[in-house]
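In: The sequence and its predicted three-dimensional model are supplied below.
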Amino acid sequence: MAEPIEVLGTAVAVLFTLAVYSFTYRENPWSRLAEHVFVGSAVGVQIAIDFDWLVNKAYPEWVGDPAKAPFFWIAILFGLLYYFYFTKRYFWLYRFPLAVSVGTGLGLAVSRVVKTEFVDQIRATAGLAWYMPDDPLGSFNNFLVVISLATVLIYFIYSYELKGSSRLVLTYARWIMMAGFGAAYGYTVMTRMSLFIGRCQFLLGIPPNPPEAKPLFAVFAIIILASLLGYDYYKKMKTTAEATATPTSS
Amino acid sequence: MGENEVTIWEKLENVDRRIIYLLLWIVVLAPLISPLNLPVSISEETKIAYQYIENLPPGSVVVVSLDHSFAGMPELYPHDVAFLHHLFSKPVKIVIIAIWQEGSLVADVALKELAGGEDPRTGIEKIYGKKYGEDWVFLGWVPGGETGMRVLGQDMHTAVPADFWGTPITEFPMMADIKTGEDVDLLVTIESGTPGAPEWIRQWWSVYRTPIICAIVAVGAPELVPARQAGQLVALLPGVRAAAEYEQLIKRPGLGTSQADALSTSHILVIIFVIIGNIGYFSLKAKGVRK
Amino acid sequence: MAWYKRVEIPIIITVICALLQIVPYYLDVPQWEAVADDFNEWSLVVLTTALFLGAGSLYLLHIPRVKRQRPGWEFSVILLVIMTISIIAGLPIPQIGLGLSNDVYQFIYNNMTVALSSTMYSILAFFITSAAYRAFKARNIDAAILLVSGTLVMLGNAPIGTATWAGFGDIKNWLFDVPNLATMRAIRIGAALGTLVLAARTFMGVERGYFRGGGE
């Protein structure tokens, strides 16, 4: 038997889940409540996690070493310059720690992107075998990949207009991209459906989700639907009554 | 039929979208309440990942990185549990980390499930015979994203000075020989976005040539196909379908398998809507209604 | 404008920090690499110090809304209360029971943050379904190819599809391994070129949008 606080927690989770889904009916106070709670809790939780790392992981590791300790405090003081973001007069100070973060991240990415995203990709394409007597379909597929890659790159990179029969290259590239994006769309559908199915498993209390979610799902669904449908019906009746009561002007 | 009569296709074109949403609720809830037990065929890619782990020599070091949040759990939690179960069943050393903050909390949930609800440090030993600190460790969140990955590869003891529960890393016997990316024989990343596999490829595969198995949310899989084809990934397992397949291979049906029926019905619903929408479009076009 | 306020100084810092990471990758200079690694770890602490920026922005946005009782101010109150409670409950002061294992923090995290973030991602399933019905039409050859490709992949992904006919799985794999590979590889190569161009523009000081703000 679950503890009362666990049941309360499950009730809160079910309520907010259904409140978000009520947005599909129309925007309403339930969905706005869920949005605001989400933003507030997400930001608060993230701050707690970051603060915990700073105090419980970074601080002991840096300050525990006398040679590194001064650099930790320099990092903290330097990082505090971020908060000048909120000022107009001293906003320029915010740019310094931002420059360090952007520069370090950019350097890490750029140093490796040439090899992994460019050289390795081209090398892998060039290494595709076009003639494999034991695997004619594989040979054809490899040939198709190389031709398709070249035409799609032409489609993206070349900035002068292709005319006449060279437009066939662009047409083929477009068709290949459409086929590729269609495949990507199919996987997108699977992701979104999986996420929705996962929430439904929670609402139905399917293990390892708490079983008390199932009756709470029914109760809150009825409450939210009744409030939305009831309010819409009330508004409709009110509008009809007002329309009937208002005399028509000639 | 007169020209001004509203055809069924015009009616269908204007159906309230809330009817569509209601149908989606029905086709997803129904198979979850009453499973259909439709078969799930196993793809070659899943078999490759499974066999790679099966063929790991005893004593191999495997890093499992849970690079996703709670939001990605429906698709990736089945992978988390399946991979951890498979690895705990093999004579390998396992280092569990997370590059995403929430990933460490997801890992805690998964480990507790595998430990039968107990503290994982004792429960895993009871069930799998793997001693904490000697056969596996859970180091928790490695901050810094791609920078953190780089630091982890250079010096794990600096990147994560203590485990998830605060015990200094130096107290674990197995970590005496596991210090850098060179000491790792396999990296399994279960990820849902950035930082994820591309960053691991940049910081680990390109530097240490560490083999990487990647389980990813389905929507992210198409972008990683080039990496897979270039040999930067050993295997690419997209979405919950691959998780259901893996659960079959390790003979441990779980959340992935239970999603399979609802996945089928929801996909069929989308396909039916696409077909109906296009039949309507073409019939109205033939009628000359479509402008 | 005073010289220390000029945006060129942060740009130079950006370039120095970037080169600090780039050079050791291409040149074997052990001392440089050691400095770069230490700087990496140091920059993590700097970055984490910005943890209150998000909360500060929200306070600045919602407190005036509450004071002036703008429409929806009641929701702003709820947002501020929840955020403040979760920050305080999660403060790393275990001596007074606060921290990540605090009961209030765990309650908010498990039953609000996790539930809401999962649900927010999943709501797109509804919109994808209605978009498939209303917008996914074969208006021309390009759209027809997109539609057929998407439908075949969906049939390959759905277990019932491959259970009905194994060929759907083969077609799905072909679409994944040939057109999708070519497209995504071209996009990655293009994106890599774009990254290099962006880096070059940043180093030359042409790209400075991320430094904008403060009314300047």
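Out: Structure received.
In: quick one: residue A:97 from chain B, how far?
Out: Look at residue A:97 and chain B: by C-beta to the nearest C-beta, to the nearest Å, they are 15 Å apart. C-beta coordinates here come from the backbone N, C-alpha and C atoms, glycine included.
In: For residue 227, which non-adjacent residue is spatially closest?
Out: I'll assume chain A. Excluding its sequence neighbours, the residue lying closest to residue A:227 (C-beta to C-beta, 6 or more residues apart in numbering or on different chains) is residue A:30, at 7.6 Å.
In: right idea, wrong chain: chain B
Out: Using C-beta to C-beta, 6+ apart, the closest residue to residue B:227 is residue B:233 (5.2 Å).
In: Now the one you found, what are its backbone angles?
Out: Backbone torsions of residue B:233, given as degrees, to the nearest 10, read phi -120, psi 140.
In: Repeat that for residue A:212.
Out: Residue torsions, per degrees, to the nearest 10, at residue A:212 are phi -70, psi -10.
In: could you pull out the strands for chain A?
Out: With strands called from DSSP state E, chain A shows none.
In: Quick check: longest helix in chain C by residues?
Out: helix C:179-203 (DSSP state H).
In: does any part of that helix sit near chain B?
Out: Yes: shown here: helix C:179-203 in contact with chain B (C-beta under 8 Å from any C-beta of the partner chain) through C:180, C:181, C:184, C:185, C:187, C:188.
In: so which of the residues you listed comes closest to chain A?
Out: Nearest to chain A among the residues of helix C:179-203 next to chain B, counting by C-beta to the nearest C-beta, is residue C:180 at 4.2 Å.
In: and the closest one, what is it in contact with?
Out: Residue C:180 is in contact with A:179, A:180, A:183, A:184, B:222, B:225, counting by C-beta atoms under 8 Å, 6 or more residues apart in numbering or on different chains.
In: Filter the residues you listed down to just the ones in helices.
Out: A:179, A:180, A:183, A:184, B:222, B:225.
In: Of these, which is the most crowded?
Out: residue A:183 (32 neighbours; other C-beta atoms under 10 Å in any protein chain shown).
In: ok, it - contacts?
Out: So residue A:183 contacts B:222, C:149, C:150, C:153, C:172, C:175, C:176, C:179, C:180 (C-beta under 8 Å, 6+ apart).
In: where along chain C do the helices fall?
Out: Counting by DSSP H, the helices of chain C are C:8-26, C:30-48, C:53-67, C:73-89, C:103-108, C:114-122, C:124-134, C:141-157, C:159-164, C:167-177, C:179-203.
In: how about JSON lines for those helices, with mean pLDDT added?
Out: As requested, the helices of chain C are exported to JSON lines (pLDDT from 0 to 100):
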{"stretch": "helix C:8-26", "mean pLDDT": "90"}
{"stretch": "helix C:30-48", "mean pLDDT": "87"}
{"stretch": "helix C:53-67", "mean pLDDT": "93"}
{"stretch": "helix C:73-89", "mean pLDDT": "95"}
{"stretch": "helix C:103-108", "mean pLDDT": "94"}
{"stretch": "helix C:114-122", "mean pLDDT": "91"}
{"stretch": "helix C:124-134", "mean pLDDT": "90"}
{"stretch": "helix C:141-157", "mean pLDDT": "94"}
{"stretch": "helix C:159-164", "mean pLDDT": "90"}
{"stretch": "helix C:167-177", "mean pLDDT": "91"}
{"stretch": "helix C:179-203", "mean pLDDT": "88"}
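In: and residue B:31, which of the ones you listed is closest to it?
Out: When these are compared by C-beta to C-beta, helix C:159-164 sits nearest residue B:31, at 10.3 Å.
In: if I look at the residue nearest to residue A:227, how far off is residue A:45?
Out: Separation of residue A:30 from residue A:45 (C-beta to C-beta, to the nearest Å): 22 Å.
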